[in-house]
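K.L.:
I would like to see how this sequence folds:
(chains A and B)
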Amino acid sequence: QSALTQPASVSGSPGQSITISCTGSSSDVTIYNYNYVSWYQQHPGKAPKLMIYEVTNRPSGVSNRFSGSKSGNTASLTISGLQAEDEADYYCSSYTSSSTQVFGTGTKVTVL
Amino acid sequence: QVHLVQSGTEVKKPGASVKVSCKASGYTFTAYYVHWVRQAPGQGLEWMGWINCNSGGTVYAQKFQDRVTMTRDTSISTAYMELNSLTSDDTAVYYCATGPLIVTFDYWGQGTQVTVSS
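P.N.:
Presented below is the predicted three-dimensional model:
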């Protein structure tokens, strides 16, 4: 199972919106039309934090500046009103047709 | 609240095995799956496998199929991940993670540093 494809880096100025893509295949992101894509934020030296699950859902406590979507075999994470604290690495994850999980390659978000 | 506490730093020689523990609290241990994820220095997240803490059933990533064993002890709400035949490529931080949805990692342990060096 190959890792899902993400851009290596994305940057934006405070207050702007940015979008991170996550491209997979019919074996994962678009499997059976299920919505089993999640997004995780990781600050240096810290454990990852769940930001979005089932493509569009936000866990309790996560800012509504974070939103998710999916089109075909590409899922996306949008961060609106970019803030300094959003600077981190972001990973997508998907369930697969082999009953396994796969992560994306990771995206470093820089706030200019 | 859900809390996962992992065992401490490990230093191993090539060819050895390592066993990392993950003690859960704050929920019914057998209600959730526990996943294991690792992260090599400067690299991304890599999913290793999961264990159904109720039945003990496991699913491993193909890459680790021959070298990893995941177990659990329901009496002490603890999951284990054992990795054999270690090489320097196995040097990484190993995380356990869980949550009410099998496909989502809501809660994470603090991570266990495993260093493989001669």
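K.L.:
please name the residues that touch A:T110.
P.N.:
A:9-12, A:87 (Cβ atoms under 8 Å, 6 or more residues apart in numbering or on different chains). To be clear about C-beta, it is placed using only N, CA and C from the backbone, and glycine gets the same treatment.
K.L.:
same thing but at 10 Å, please
P.N.:
Going by Cβ atoms under 10 Å, 6 or more residues apart in numbering or on different chains, A:T110 touches A:9-12, A:18, A:82, A:86-88.
K.L.:
what about it, which helix or strand?
P.N.:
strand A:107-111 (DSSP states H and E).
K.L.:
from the middle of its chain, how far away would that strand be?
P.N.:
12 Å (Cα atoms, centre = their mean, to the nearest Å).
K.L.:
got any ranges where chain A has weak pLDDT?
P.N.:
A:31-33 (pLDDT under 70).
K.L.:
show me what counts as buried in the strand holding A:T110.
P.N.:
For strand A:107-111, a neighbour-count test (16 or more other Cβ atoms under 10 Å in any protein chain shown) marks A:107, A:109, A:111 as buried.
K.L.:
dihedrals phi and psi, the most centrally placed residue in chain B?
P.N.:
Among the residues of chain B, the one closest to the centroid is B:W36, at 3.5 Å (Cα atoms, centre = their mean). Backbone dihedrals for B:W36, given as degrees, to the nearest 10, come out at phi -120, psi 130.
K.L.:
next one: B:M70
P.N.:
According to degrees, to the nearest 10, B:M70 has phi -110, psi 130.
K.L.:
the one 5 residues further on now?
P.N.:
Backbone dihedrals for B:S75, given as degrees, to the nearest 10, come out at phi -70, psi -20.
K.L.:
residues from chain B in reach of chain A?
P.N.:
Chain B has residues B:4, B:6, B:35, B:37, B:39, B:43-50, B:59-63, B:93, B:95-97, B:99, B:101-111 near chain A, with proximity defined as Cβ under 10 Å from any Cβ of the partner chain.
K.L.:
any of the residues you listed buried? List them.
P.N.:
Neighbour-count burial within those applies to B:4, B:6, B:35, B:37, B:39, B:44-50, B:59-61, B:93, B:95-97, B:99, B:101-109, B:111; the criterion is 16+ other Cβ under 10 Å.
K.L.:
next step: those restricted to helices.
P.N.:
Nothing among those maps onto helices, per DSSP state H.
K.L.:
circling back to that earlier point, what residues are bridge-paired with the residue nearest to the centre of chain B?
P.N.:
B:G49, B:C96 (DSSP bridges).
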